[in-house]
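In: Requesting a structural model of the entry that follows:
(one chain, ligands or ions: 1)
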Amino acid sequence: MNDLSLSELLAAHPPRDGALLPLLHAVQEALGHVPPAAVPLIAEHLSLSRAEVHGVISYYHFFRSSAPGKQVLQVCRAEACQARGAEALLAHAEARLGCASHHTRADGAVTLEPVYCLGLCASAPALQINERLHARMTPAKLDALLAKEGL
Ligand code: FES
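Out: Coordinates of the predicted model:
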């Protein structure tokens, strides 16, 4: 995350065709999520409807509407990873962390997010923790990784 405010981000993304996705990415990069309160401001800035902005946020699994936990574990559920055990890996992560998919654990320590392709399809199953990618994962490797991260 960086320290830019929403108004600074809006100023850095002038209204033009195709500005919405880069702006949403910038907001999430800066704030960790796209707060619902930002939606009307973004819509007004880009002369879009709130529904259009909300629709894009909802469509892309990448965007969060609430702040994530201190650490974020993303497990790929796309086709190549599914074929190589991603569902079992995700179920293992849920049990190991005590946290359901799409949720942040009650203590705020970790958010578990299913994602759809991390670009490591040839080395599936893949996951990402705190923006570091890991390929050819197994439940045992995941346990070791989580222990290393203090989870
Ligand atoms: S399908 Fe999982 S990394 Fe591409």
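
In: So which residues make contact with the helix or strand that contains Asp143?
Out: Here Asp143 sits within helix 139-148, counting by DSSP states H and E. With contact meaning CB atoms under 8 Å, 6 or more residues apart in numbering, helix 139-148 is reached by 73, 88-89, 92-93, 96-97, 127, 129, 134, 137. Any C-beta I mention is one placed from the backbone N, CA and C, and that applies to glycine too.

In: Drop anything exposed from those.
Out: Neighbour-count burial (16 or more other CB atoms under 10 Å) applied to the contacts of helix 139-148 gives 73, 89, 92-93, 96-97, 127, 129, 134, 137.

In: could those be laid out in a markdown table, adding pLDDT and distance to the ligand?
Out: Below are the buried ones among the contacts of helix 139-148 laid out as a markdown table (pLDDT from 0 to 100; distance: CB to the nearest ligand atom, whole Å):
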| residue | pLDDT | distance to the ligand |
| --- | --- | --- |
| Leu73 | 97 | 14 |
| Leu89 | 97 | 11 |
| His92 | 97 | 16 |
| Ala93 | 98 | 14 |
| Arg96 | 96 | 20 |
| Leu97 | 97 | 20 |
| Leu127 | 98 | 9 |
| Ile129 | 96 | 14 |
| His134 | 98 | 11 |
| Met137 | 97 | 10 |
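
In: Could you write out the alpha-carbon coordinates of the helix holding Asp143 in CSV?
Out: Included here for helix 139-148 are C-alpha records, laid out as CSV according to Å, rounded to 0.1, in the frame of the first residue of the first chain:
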residue,chain,number,x,y,z
PRO,A,139,-1.0,-28.9,1.7
ALA,A,140,2.3,-29.7,3.4
LYS,A,141,4.2,-26.9,1.6
LEU,A,142,1.3,-24.5,2.5
ASP,A,143,1.6,-25.5,6.2
ALA,A,144,5.3,-24.7,6.1
LEU,A,145,4.7,-21.4,4.3
LEU,A,146,2.0,-20.3,6.8
ALA,A,147,4.2,-21.3,9.7
LYS,A,148,7.0,-19.1,8.2
